[in-house]
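Visitor: here are the coordinates; sequence isn't available:
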């Protein structure tokens, strides 16, 4: 009793003890950090404190990770070149951005445990993600059997983990509809900032050269995807009479100009397809009658540009003209893609069920390549074929199922949301995903490019969150057992 009274008589003794222990631990970590890393090791305690803060704030951490992968461009972007350090490999293919994504996943998991919330899975994504998990196991095992080291085969699937886990993590964030609206507003503002930076890149000739006469805005897909979705969202909101903020309408020309000056023909086609679908689904019957003539006019203009010998040397004219089928064989890079595709199809034909496995390059020689790219035989300019080549038939089925599940979620959000702006986001996502199918017939981004996959995974998760919260907010059709069945259904959706 005397010792207990003594401790009680000294105010704040527990706080002082905790502070002393924390100071000792900080000193120990700083010493260990300096011993291993030199002067930079002094930052180790600060980094650990930041990690603890981020782990306890899952929404902020997820938003921070997505914002960083959007803002920080790779080494090909001429402005803010230091941001490319975010993607420098630390171990094998593992980079700092992989650690940040893992931190976001851990933050969401700890939040679920702290608040004793059940893990929710968006029902339309269940099949695709389950197939993807099985395909990843099969791809790693197949690669190991073909001679790859198992740990490298597993580590090479880190971007596929984004696609597998980020949609689930974002769908399980505890946020309400007003917060979602603020997040969408922030994403639109970020798209505008990226558009401005891209146009500055072109005006200052900082970017990668294109068509021998100018530079482009963004060669990598992440910024182009964000800008494309923002444009479709603004159009969908206008058609739905959702009264989007005036600043979004005024910034639309910047978004269009940035996408045009990216000179990414696949994104031009994807955006055009998305715009036509938004108009088709979001307008009245009388307006839809004009869409077919408009689409035929666009296609005819492209064919005309490709068949006429223009005197104009404008890069835009050259780039649009190159979309014509007659120009594909003449372009070295387009010819390379066709030759590559023939070789990849031959490699798949030799292993149609298992594929080659992760880290195993294709070596087929159905056609002689016009040029050899570094790591080119690990890549395929067709996303569906990449999944098939690396993960086998399960990978192909997973890719198709994931995209169909994401489109289903987008459709449900569009048709089921009471808020016009959220409904517009669903429609924009649906049409953008349809455009992505066309885009990825000429390149592989989903599950391959870490920045794009992180952004797409977050978008899919947000759609899942909106869909599940919409179903949970509906009142049950009846009392008693009907209400209980409704709650059980919502918990597993």
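Guide: Perfect, thanks for sending it. Just so we're clear, the structure is a prediction, and the values are computed from it rather than from any experiment.
Visitor: make it CA atoms for all contacts and neighbour counts henceforth
Guide: Will do.
Visitor: Next, report how far whichever strand or helix holds residue 159 is displaced from the centre of its chain.
Guide: Element membership for residue 159 (DSSP states H and E) is helix 158-171. Put simply, helix 158-171 sits 10 Å off its chain's centre (Cα atoms, centre = their mean, to the nearest Å).
Visitor: Which elements pack onto it?
Guide: Using 3 or more Cα pairs under 8 Å, 6 or more residues apart in numbering; DSSP states H and E as the contact test, the elements touching helix 158-171 are helix 96-114, helix 123-145, helix 450-473.
Visitor: Go again with 6 Å.
Guide: helix 450-473 (3 or more Cα pairs under 6 Å, 6 or more residues apart in numbering; DSSP states H and E).
Visitor: What residues of the helix it packs on count as buried?
Guide: By neighbour count on 16 or more other Cα atoms under 10 Å, the buried set for helix 450-473 is 450-472.
Visitor: swap in stretch 129-149?
Guide: Neighbour counts using 16+ other Cα under 10 Å place 129, 131-133, 135-144, 148 of stretch 129-149 among the buried residues.
Visitor: what about the strands in this protein?
Guide: With DSSP state E, the ranges of strands along the chain come out as 89-91, 94-95, 209-210, 214-215.
Visitor: So which of these is the most surrounded?
Guide: Each of the strands of the chain was scored by mean neighbour count; the highest is strand 214-215, a mean of 20, by mean count of other Cα atoms under 10 Å.
Visitor: mind checking pLDDT for the residue nearest to residue 377 when sequence neighbours are not counted?
Guide: Spatial nearest neighbour of residue 377, excluding adjacent residues (Cα to Cα, 6 or more residues apart in numbering): residue 361 at 5.1 Å. Note on residue 361: pLDDT of 91.
Visitor: Residue 102 and residue 59, how far apart?
Guide: Going from residue 102 to residue 59 by Cα to Cα, to the nearest Å gives 14 Å.
Visitor: re earlier: and the residue nearest to residue 377, how many neighbours does it have?
Guide: 17 (other Cα atoms under 10 Å).
Visitor: what's the answer for residue 122, then?
Guide: For residue 122, the count of nearby residues is 24 (other Cα under 10 Å).
Visitor: Residue 109 now?
Guide: 18.
Visitor: just residue 369 next, same as before
Guide: The burial count for residue 369: 15, using other Cα under 10 Å.
Visitor: Can you read off the pLDDT for residue 23?
Guide: Reported pLDDT for residue 23: 49.
Visitor: again, but for residue 241
Guide: Reading off the model, residue 241 has pLDDT 87.
Visitor: Tell me if I'm right that residue 139 and residue 356 touch.
Guide: No. With contact defined as Cα atoms under 6 Å, residue 139 does not count as touching residue 356 (7.8 Å).
Visitor: which stretches of the protein aren't confidently modelled?
Guide: Confidence mapping of the chain against pLDDT under 70 gives the ranges 1-47, 92, 211-213, 284-332, 334, 471-493.
Visitor: what's the single longest helix in it?
Guide: helix 383-416 (DSSP state H).
Visitor: relative to helix 123-145, how tilted is that helix?
Guide: With axes from the mean of the first three to the mean of the last three Cα atoms, to 10 degrees applied, the angle from helix 383-416 to helix 123-145 works out at 170 degrees.
Visitor: how far out from the middle of the chain is helix 383-416?
Guide: The gap between where helix 383-416 is centred and where its chain is centred comes out at 14 Å by Cα atoms, centre = their mean.
Visitor: follow-up on the earlier one: between the strands of the chain, which one is nearest to residue 50?
Guide: Judged by Cα to Cα, the one of those that comes nearest to residue 50 is strand 94-95, at 18.4 Å.
Visitor: angle of the helix holding residue 159 against helix 450-473?
Guide: 30 degrees.
Visitor: neighbouring contacts of helix 158-171?
Guide: For helix 158-171, the surrounding residues in contact (Cα atoms under 6 Å, 6 or more residues apart in numbering) are 129, 447, 450, 454, 457-458, 460-462, 464-465.
Visitor: Just give the closest residue to residue 275, not the sequence neighbours.
Guide: The nearest residue in space to residue 275 (Cα to Cα, 6+ apart) is residue 232, at 6.4 Å.
Visitor: any idea how far the one you found lies from residue 282?
Guide: Distance from residue 232 to residue 282, by Cα to Cα: 11 Å.
Visitor: Please say which of the two ends up with more neighbours.
Guide: residue 232 (27 against 19).
Visitor: list the contacts for the closest residue in space to residue 89 that isn't next to it in sequence?
Guide: Nearest residue to residue 89, sequence neighbours excluded (Cα to Cα, 6+ apart): residue 95, at 4.3 Å. Taking Cα under 6 Å, 6+ apart as the criterion, residue 95 is in contact with 87-89.
Visitor: what's the distance between residue 95 and residue 432?
Guide: Distance, residue 95 to residue 432, by Cα to Cα: 29 Å.
Visitor: ditto for residue 225
Guide: Distance from residue 225 to residue 432, by Cα to Cα: 8 Å.
Visitor: Neighbour count: those two, which is higher?
Guide: Neighbour totals were compared for residue 225 and residue 432, and residue 432 leads with 31 against 22 (other Cα under 10 Å).
Visitor: and the nearest residue to that one once chain neighbours are set aside, how many residues sit next to it?
Guide: Among residues not flanking residue 432 along the chain, residue 274 sits closest, at 5.4 Å (Cα to Cα, 6+ apart). For residue 274, the count of nearby residues is 26 (other Cα under 10 Å).
Visitor: what's the answer for residue 103, then?
Guide: 20.
Visitor: wait, what's in contact with it?
Guide: Residue 103 neighbours (Cα under 6 Å, 6+ apart): none.
Visitor: Could you check how far it is from residue 379?
Guide: Residue 103 is 28 Å from residue 379, by Cα to Cα.
Visitor: now residue 97
Guide: Taking Cα to Cα, one finds residue 97 at 21 Å from residue 379.
Visitor: circling back to that earlier point, kindly reformat the strands of the chain as CSV containing distance to residue 412.
Guide: What follows is the strands of the chain, written out as CSV (distance: least, Cα to Cα, whole Å):
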stretch, distance to residue 412
strand 89-91, 39
strand 94-95, 36
strand 209-210, 40
strand 214-215, 40
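Visitor: Among those, which comes closest to residue 352?
Guide: The nearest among the strands of the chain, by Cα to Cα, is strand 94-95 at 29.2 Å.
Visitor: how far does that closest one sit from the chain's center?
Guide: Centroid displacement of strand 94-95 relative to its chain, using Cα atoms, centre = their mean, is 17 Å.
Visitor: Can you list the strands that it pairs with?
Guide: strand 89-91 (antiparallel) (DSSP bridges).
Visitor: Count residues in the vicinity of residue 127, would you?
Guide: Residue 127 has 15 nearby residues by other Cα under 10 Å.
Visitor: likewise residue 117?
Guide: For residue 117, using other Cα under 10 Å, the count is 13.
Visitor: same check, this time on residue 373
Guide: 10.
Visitor: And residue 167, by the same measure?
Guide: 27.
Visitor: separation between it and residue 362?
Guide: 31 Å.
Visitor: Could you do residue 165 as well?
Guide: In terms of Cα to Cα, residue 165 sits 28 Å off from residue 362.
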